[in-house]
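**Student:** any chance you could fold what I've pasted below:
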Amino acid sequence: MNTQYTKQHTITIKKAELFFDIDKFSLDFSKVSGGDNVRRADRIAFDTSTTNGERTAVRLCDKRMADIRQLLEKFIDTTTSTETNDQLASGDYTLAICITTEAEDNIFSPITDLIHDYIVNGALADWYVETGVGVNAEALNAKCTTDLAGIKQLIYFRTKP
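**Tutor:** Residues are numbered from 1 along each chain as shown. Sure thing, here's the model as predicted:
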């Protein structure tokens with residue numbers, strides 16, 4: 001990679017924040033859905049506070065983070081240690097993104113937010129499918145598609161000279 005025409009920025013996605021949002025959104029879902037879905041959503045929140053539940057959450061988040069790594073593979077600096085296997089790792093997800101020097105630095109905050117949202121929505125969608133709440137999973141997967149489109153738009157955006 002020619003460093004003369006590129007700049008690097010590290011994006012960090014905190015696992016603790018992902019787990020917090022997964023718990024919060026599952027409980028919010030239980031409040032509005034009622035019935036059997038309350039029990040299932042409460043179970044998700046309960047499970048993430050256990051070792052087994054945390055491993056499930058990490059596995060689902062890892063799966064969605066792999067999607068992000070694949071989407072951004074041509075922008076990820078593979079000479080750094082950010083291309084590690086995050087499976088069951090206690091550390092946060094990090095990506096060393098290399099983009100052209102003409103790109104604005106202010107794109108990284110919304111990209112980080114979209115990656116976070118994609119992982120949370122995707123992990124919840126996968127968890128709902130596993131627990132039999134498929135209707136909510138469809139809406140979350142649709143949101144994931146929108147999140148990925150937003151990431152692509154930001155990372156490929158170029159300012160006009």
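**Student:** how about low-confidence regions in the chain?
**Tutor:** Within the chain, the ranges that satisfy pLDDT under 70 run 1-5, 30-53, 79-90, 101-103, 133-135, 158-161.
**Student:** can you give me the helices in this structure?
**Tutor:** Using DSSP state H, the helices of the chain run over 15-33, 36-48, 51-71, 108-131, 134-156.
**Student:** and the ones you listed: which comes nearest D92?
**Tutor:** The closest of the helices of the chain to D92 is helix 15-33. By Cβ to Cβ, the value is 5.5 Å. Yep, even glycine has a C-beta here, placed from its N, CA and C like the rest.
**Student:** who are the contact partners of K143?
**Tutor:** Counting by Cβ atoms under 8 Å, 6 or more residues apart in numbering, K143 touches 117, 121.
**Student:** ranking the helices of the chain by burial, who's on top?
**Tutor:** Stretch with highest mean neighbour count among the helices of the chain: helix 108-131 (a mean of 20; mean count of other Cβ atoms under 10 Å).
**Student:** isn't L60 right next to G122, touching?
**Tutor:** Yes - counting by Cβ atoms under 8 Å, G122 is a contact partner of L60 at 7.5 Å.
**Student:** re the thing from before, ok, which of the helices of the chain comes nearest H9?
**Tutor:** helix 108-131 (5.2 Å).
**Student:** next, D92: phi, psi?
**Tutor:** Backbone torsions of D92, given as degrees, to the nearest 10, read phi -80, psi 170.
**Student:** what's the closest non-adjacent residue to it?
**Tutor:** K14 (4.8 Å; Cβ to Cβ, 6 or more residues apart in numbering).
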